[in-house]
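next comes the sequence, and after it the predicted model I'd like to discuss.
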Amino acid sequence: MKFLWNKKIPLAVCLGAALVLLAIMHLAASPAPPHPWFEDLPRPIILAHQGGLKEWPSCTMYAFHKAREAGSDVLDIDLHMTRDGELVLLHDTTVDRTTDGTGAVLEMTWEEVSKLDAAYRFTTDGETFPLRGQGHGIPRLREVLEAFPDWKFQIEVKQAPLEIVPELAQVLREYDMEERVLLASFDEEMMKALREACPGVASSATPKEVHHFVMASKVWLEGVISPAYSVLQIPLETDGRELVTPRTVAAARKRGVYVLPWTIDHDSEVELCRQAGVDGFNTNLPTRMEEVRANWFKPDEALFKSRR
């Protein structure tokens, strides 16, 4: 700018140059290409968060079967690696919150992890623990892919060494699941490695990519973005700023990107998603979503006719 000022270049010339540059960026940019993961999914797409965290024990085969029975379209699972390289499903980096054990998954062997009761701390009333001691362990990724070969998955890779990436890529190829999986990670370096190792697998935007897209959409400049991702998985708001708005959704749709907010459990949240026009959402309450789907495209109907 100082250079331009010293040269006394007219403002109109500067604006014209900026407009030309924007036009070139628009022409050079391309939307996200279609991906098979999104084929044959109804609207709204229902993702069962951890299998249905508020209804069944988190990330257990028991929860996964229940979520499937409830009609969930996608199973949202979280991936970790044990010390001896086994890929296991657990939300937290430690086993403390959900099991009868303690310690970080990465510091435990599969033999140690396999002995834990993953339903030990599950309760819906804060007082009783009805599923303790019934054999609900921490599952391996292979077990879930074998049990649900025709289901679609969202796999979020949690805090783990990058060595987890080639192992995951190998398992997805082995089970022919590359078109049935959506990858996610909050870690920028991890997501870069995942996209390089799994080029045929759909992925979600990282926090940095979400920020850039939302900021661009606010000034109607989403057209200059060539998304390396297929989905914006975002909360309703962050730091007091709304993320899920009709403008964000419209901008995403123009770039071939889906919007799947998380984690949506309350009537008001579901209604906000409907008003914004999202493609679906992640929920801890899969059993309530059949009613939501029945009324989704009926603006004069309440999404929840019954309450429990």
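Here it is on my side, so go on.

okay, CA-based contacts and neighbour counts for the rest of this
OK.

is it true that L79 lies in a helix?
No - assigned with DSSP: H, G, I helix; E, B strand; the rest coil, L79 falls outside any helix and is strand.

so H211 belongs to a strand, correct?
No - with three-state DSSP as the criterion, H211 is assigned helix and is not in a strand.

count the residues that sit near it.
When neighbours are counted by other Cα atoms under 10 Å, H211 registers 13.

that one and T238, how far apart?
10 Å (Cα to Cα, to the nearest Å).

cool, and V270?
Computed as Cα to Cα, the V270 to T238 distance reads 17 Å.

so for the helix or strand where E112 lies, what gets flagged as buried?
Using DSSP states H and E, E112 falls within helix 110-114. Of all the residues in helix 110-114, those buried under the rule 16 or more other Cα atoms under 10 Å are W110, V113, S114.

got the contact list for it?
For helix 110-114, contacts defined as Cα atoms under 8 Å, 6 or more residues apart in numbering pick out T82, R83, D84, E86, V105, G137, I138, P139.

L47: which of these is nearest?
Distances from L47 to the contacts of helix 110-114, taken as Cα to Cα, are shortest for P139 (18.8 Å).

who touches the helix or strand encompassing V249?
When elements are assigned from DSSP H and E, V249 belongs to helix 246-254. Residues from elsewhere that reach helix 246-254 (Cα under 8 Å, 6+ apart): 31, 214, 217-218, 220, 222-223, 232, 258-259, 275-278.

6 Å instead, please
S217, A276 (Cα atoms under 6 Å, 6 or more residues apart in numbering).

who does the helix or strand just after it touch, helix- and strand-wise?
As assigned by DSSP H and E, the chain's next helix or strand after helix 246-254 is strand 258-259. Contacts defined by 3 or more Cα pairs under 6 Å, 6 or more residues apart in numbering; DSSP states H and E place strand 258-259 against strand 231-232.

average pLDDT for the strand it packs on?
Averaged over strand 231-232, pLDDT sits at 98.

by contact count, what packs against it?
By 3+ Cα pairs under 6 Å, 6+ apart, strand 231-232 packs against strand 258-259.

the strand it packs on pairs with which strands, and in what direction?
Note on strand 258-259: by DSSP bridges, its sheet partners are strand 231-232 (parallel).

who touches the partner strand?
Residues outside strand 231-232 that contact it (Cα under 6 Å, 6+ apart): S204, A205, V257, Y258, V259.

strand partners (parallel or antiparallel) of the helix or strand that comes right after that strand?
With elements assigned by DSSP H and E, the helix or strand that comes after strand 231-232 is strand 237-238. Paired strands of strand 237-238, with direction, are strand 241-242 (antiparallel) (DSSP bridges).

returning to that earlier point: got the buried residues for the helix holding V249?
Using 16+ other Cα under 10 Å as the test for burial, helix 246-254 gives P246, R247, T248, V249, A250, A251, A252, R253.
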